[in-house]
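Novice: give me a 3D structure for the following:
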Amino acid sequence: MKSLGLIAGQGEMPRAIALEAKRQGYRVVVAALRGLADESIVHHADATEWFKAGKLGAIINFLKAQGAGEVLFAGKFPKDLIVRGALSPDPRLLRFLFRLRDRGDDTILNSVAGELSRDGISLLDMRDFCRGMLVPEGPLTRRKPNNDEWRDISYGFRIAKGVGRLEIGQTVVVKDRAVMAVEAVEGTDETILRGGGLAGGGAVVVKVSRPDQDMRMDLPVVGLATLDSMVRAEVRALALEAGSSIIIERDELVRKADEAGIAIAGVTEASLKERD
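Specialist: As a prediction, the model looks like this:
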């Protein structure tokens, strides 16, 4: 049986990926990061070991010992761990960080992939393990965005793509064609709370993939925690880029969005141009 390595961070994504990998016949080997990964991941893995964030050499040695020549990153890996000095870097990670030309998403991803490849480990495309979670095009909730919300979505989509091109973030909060907040290292949920608070209710959230997004890591993901943030911030609509964004526990999320009166839609650049 082929072994798949899973480097597990925050959120529901590691569990969802592990379940799909097992469905596909993989033996799942999890390198779980302490303080990030949920303890329940052990129930969905054939082998699990816990590591402090920053123990890159130990993680690679564990994956190799378990015969995991293919690896996925799953979950959130907050970049502010680096900024806050919250890592406990081993010598291999220190050398890795020293070689980075910057701390942009693409730079980090490509460097991580190169580091793994030195040990014969391939970083796989996440979409192969989350096809059923990818956002389809069109409205997902009973309530569709109204005309004003569609205008904000179209405006926000263009802004979010521009922000992504600069490797700043994937999410923007918009109201009345004005940007309330742009995601940076704080993550999507904090961006929503900040932007929604500034908007005073009635804002729209747009989350997209970066132009030339590398699909091996950092796909746009929303889950129930994101919806909770939208409810708290009195957000009225959420637009996700169709085909390259993920909703975890979609049925439950849509049900709760319907209860809250929040509109959710999958959009593309082409579909939004048709509306303009």
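Novice: give me the below-cutoff pLDDT ranges for the stretch 1-150 of the chain.
Specialist: Scanning the stretch 1-150 of the chain for pLDDT under 70 picks out 79-87, 97, 100-109.
Novice: how about the helices in it?
Specialist: Secondary structure of the stretch 1-150 of the chain (DSSP state H, counting those that start in this stretch): helices at 13-23, 56-65, 80-83, 91-99, 105-117, 147-165.
Novice: can I get the ones you listed in JSON lines with distance to residue 232 and mean neighbour count?
Specialist: Using the backbone N, CA and C atoms, a C-beta is placed for each residue, glycine as well. Shown next, in JSON lines, are these (distance: least, Cβ to Cβ, whole Å; neighbours: other Cβ atoms under 10 Å):
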{"stretch": "helix 13-23", "distance to residue 232": "22", "mean neighbour count": "21"}
{"stretch": "helix 56-65", "distance to residue 232": "35", "mean neighbour count": "18"}
{"stretch": "helix 80-83", "distance to residue 232": "21", "mean neighbour count": "14"}
{"stretch": "helix 91-99", "distance to residue 232": "35", "mean neighbour count": "14"}
{"stretch": "helix 105-117", "distance to residue 232": "27", "mean neighbour count": "16"}
{"stretch": "helix 147-165", "distance to residue 232": "19", "mean neighbour count": "20"}
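Novice: isn't residue 151 up against residue 177?
Specialist: Yes. Between residue 151 and residue 177 there is a contact under Cβ atoms under 8 Å: 6.4 Å.
Novice: just give the nearest non-adjacent residue to residue 14, would you?
Specialist: residue 8 (3.8 Å; Cβ to Cβ, 6 or more residues apart in numbering).
Novice: so that neighbour versus residue 269, what's the distance?
Specialist: When distance is defined by Cβ to Cβ, to the nearest Å, residue 8 is 32 Å away from residue 269.
Novice: quick one, which of the two is more surrounded?
Specialist: Taking other Cβ atoms under 10 Å, residue 8 and residue 269 do not tie; residue 8 has more neighbours (28 against 12).
Novice: who does the more buried one bridge with?
Specialist: Counting by DSSP bridges, residue 8 forms beta bridges with residue 32, residue 74.
Novice: that one: what's it in contact with?
Specialist: 14, 30-33, 36-37, 41, 74-75 (Cβ atoms under 8 Å, 6 or more residues apart in numbering).
Novice: and with 6 Å instead?
Specialist: Residue 8 makes contacts with 14, 30, 32, 37, 41, 74-75, as judged by Cβ atoms under 6 Å, 6 or more residues apart in numbering.
Novice: out of those residues, which are buried?
Specialist: 14, 30, 32, 37, 41, 74-75 (16 or more other Cβ atoms under 10 Å).
Novice: ok, so of those residues, who is nearest residue 2?
Specialist: Using Cβ to Cβ, residue 30 comes nearest to residue 2 of the buried ones among the contacts of residue 8, at 15.3 Å.
Novice: isn't that closest one up against residue 45?
Specialist: Yes. Counting by Cβ atoms under 6 Å, residue 30 touches residue 45, with 4.1 Å between them.
Novice: quickly list what's touching both of those two.
Specialist: What both residue 30 and residue 45 touch, as defined by Cβ under 6 Å, 6+ apart, is an empty set.
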